[in-house]
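Student: What follows is a protein structure lacking sequence information:
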């Protein structure tokens, strides 16, 4: 018997433990082309909040009463799929559970990069690719640019800071609280602002009176508004996340929207899925950067399947530094 | 003695007549390279409101106590400038007055397109170029796209509708009131929504349930929010104006900002000045379109220099259909 977290009810506003239920599930016998995987690491990510609403988006909504899904790293324990054998480490989307049966084609063998397997849920996975492509492709950030990153101590933000420094940019990161700010500084950020210590706009204006060329948005709200206020001509914004609004339901209130016109600002939303065909580019840069210490990985690890919802909820309380993971 | 409108005081919110003063001014004797121009037509445009605030933008703020400026068409009455002689019709930026002395290099002789001179303040001028480049270059609109245009009965919007139709797009225009909606329909719009008759989002969703590929924003606010709500994947927004916010000082409140991410929306601000080096492209298309009736010009004409502020204020009350002009 496997155990899997189910969506018990749709959250309204901030989710609570009542929205989740851990249930035993009977796994079917292995069919042709299938593998049985024992999960070792689970990913919890802010975007999952959106899937808990009953709305059409780029990924289908979770169903009430059905198991939740998410990125996971596991070990193949039984296989009827070509190219996969017991002991292989794979990445797949049947997270939020301890064991899964799935088609082998949906279980991707981890690339041989000599890295710890859990990194493929973070710096070397979707998280890292989000930072890499969002900064370099969506925002077209280049050497010499002044880059502002919100949630810079978070999973994606902490990689953005490091990629920007590796590419010769000036980086201003925002994070909440002294410890996280210190962490962002340790990643190489040139300036760090503590959004809990005062209004973002005031802090950003003090940190970079000359303005910003690029804004990597993980937060929305006041951070986005401050970036609009301080955008230089032809600034490019990569809109990756707006965690501030995921639970609040409040409209985004922008005092500086009109600067989009005068400063010729470009805001571009993106989804990392669109870049999956280009993952080779990402590995080619990120593999060596990790190996030679240019990029460091940082995880916040919560132990035990039963604590998965707490880990997820922690994302919205800023409990993670770097990538939030669940270790089984 | 010439007469020129001066900025008497900076408006706060909606300007009033008290902010303007018509004063006699002594024109200097003509220096080398200068021309004296008698104005025939003056342009009043929403962007001028921004110049009445004391803020740095893409054009300098008007000074309190100094003459206002703006696009104008006039006749050269005296010239010490090479290439310009009395009787020449020229376009220049010394509007809001009946007569001006200026360097000849700042007075552009009207191109020989066989069109009425006032069209060079509208369809054949900055207004038309704003519509043309904003739609085709900034928003990268192309044949088959579904295009939503706000203020579609206005100076820029009415040209956007016609250029979009000329290029084989489907067009939804928004305008206020039955007469304006009828006008937008007469320009060839496939659907017209009356923003005074109900919430923009509801009307737009009813008009194009399949969503929009391109949004040409002249308004901001609820129109922008509705376009975000109904944007299709990879939609492009040309952010040209946000007249709704020019006087209100209210923040822009967006309930659907988060759709920027899921739908990979691009919002791009632009200023027509950046396209001036490419005006030849614009004339090459717009000249023939006007000549063969593909594009029609529509103006709202106010007579008399003394009525210039009323014409300007009328822009914010929706008193113009097409381009608002003052005839001297």
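Tutor: Done, it's in. No experiment lies behind these values; they were computed from the predicted model shown.

Student: Can you name the next helix or strand after the helix or strand hosting residue A:261?
Tutor: According to DSSP states H and E, residue A:261 maps onto helix A:259-262. Using DSSP H and E, the helix or strand that directly follows helix A:259-262 along the chain is strand A:266-269.

Student: Packing partners of the next helix-or-strand element following that following strand?
Tutor: Following strand A:266-269 in sequence order, the next helix or strand is helix A:279-291 (DSSP H and E). Judged by 3 or more CB pairs under 8 Å, 6 or more residues apart in numbering or on different chains; DSSP states H and E, helix A:279-291 is in contact with helix A:126-133, helix A:155-166. Bear in mind the C-beta positions are built from the backbone N, C-alpha and C, glycine included.

Student: Chain B contacts on chain A?
Tutor: A:50, A:57-58, A:220, A:224-225, A:239-242, A:245, A:251-255, A:257-271, A:274 (CB under 8 Å from any CB of the partner chain).

Student: same thing but at 7 Å, please
Tutor: A:57-58, A:220, A:239-242, A:245, A:251-255, A:257-258, A:260-271 (CB under 7 Å from any CB of the partner chain).

Student: Filter those residues down to just the buried residues.
Tutor: A:57, A:220, A:239-242, A:245, A:251-255, A:257-258, A:260-271 (16 or more other CB atoms under 10 Å in any protein chain shown).

Student: what does the lowest-mean-pLDDT helix or strand in chain A contact?
Tutor: The weakest-scoring helix or strand in chain A, judged by mean pLDDT, DSSP states H and E, is helix A:243-246 (a mean of 84). Helix A:243-246 is contacted by residues A:46, A:49, A:50, A:151, A:218, A:219, A:220, A:221, A:252, A:316, B:258 when judged by CB atoms under 7 Å, 6 or more residues apart in numbering or on different chains.

Student: swap in stretch A:192-199?
Tutor: With CB under 7 Å, 6+ apart as the criterion, stretch A:192-199 contacts A:172-178, A:181, A:184-185, A:200, A:203-204, A:207.

Student: Reformat those residues as CSV; add secondary structure.
Tutor: Shown next, in CSV, are those (DSSP: H, G, I helix; E, B strand; the rest coil):
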residue, secondary structure
A:172, strand
A:173, strand
A:174, strand
A:175, strand
A:176, coil
A:177, coil
A:178, helix
A:181, helix
A:184, helix
A:185, helix
A:200, helix
A:203, helix
A:204, helix
A:207, helix
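
Student: which one of the residues you listed sits closest to chain B?
Tutor: residue A:200 (14.5 Å; CB to the nearest CB).

Student: Got phi/psi on the closest residue to the closest one other than its chain neighbours?
Tutor: The spatially closest residue to residue A:200, leaving aside those adjacent along the chain, is residue A:226, at 4.3 Å (CB to CB, 6 or more residues apart in numbering or on different chains). Backbone torsions for residue A:226, taken as degrees, to the nearest 10, come to phi -70, psi -40.

Student: ok, residue A:226 to chain B distance?
Tutor: 13 Å (CB to the nearest CB, to the nearest Å).

Student: With residue A:202 instead?
Tutor: 17 Å.

Student: now residue A:198
Tutor: For residue A:198, the distance to chain B - CB to the nearest CB - is 19 Å.

Student: What backbone torsions are found at that residue?
Tutor: Dihedral angles for residue A:198 - degrees, to the nearest 10 - are phi 170, psi 180.

Student: how deep is it tucked in, by neighbour count?
Tutor: 11 (other CB atoms under 10 Å in any protein chain shown).

Student: pLDDT score for it?
Tutor: On the pLDDT scale, residue A:198 is placed at 96.

Student: picking up where we left off before, outside of the helix holding residue A:261, which residues touch it?
Tutor: By CB under 7 Å, 6+ apart, helix A:259-262 touches A:228-229, A:231, A:265, B:57-58, B:239-242, B:267, B:269, B:271.

Student: quick one on the thing from earlier: buried subset of the contacts of stretch A:192-199 as a ChimeraX selection?
Tutor: A single ChimeraX command selects the buried members of the contacts of stretch A:192-199 (16+ other CB under 10 Å):
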select /A:172,173,174,175,176,181,184,185,200,203,204,207
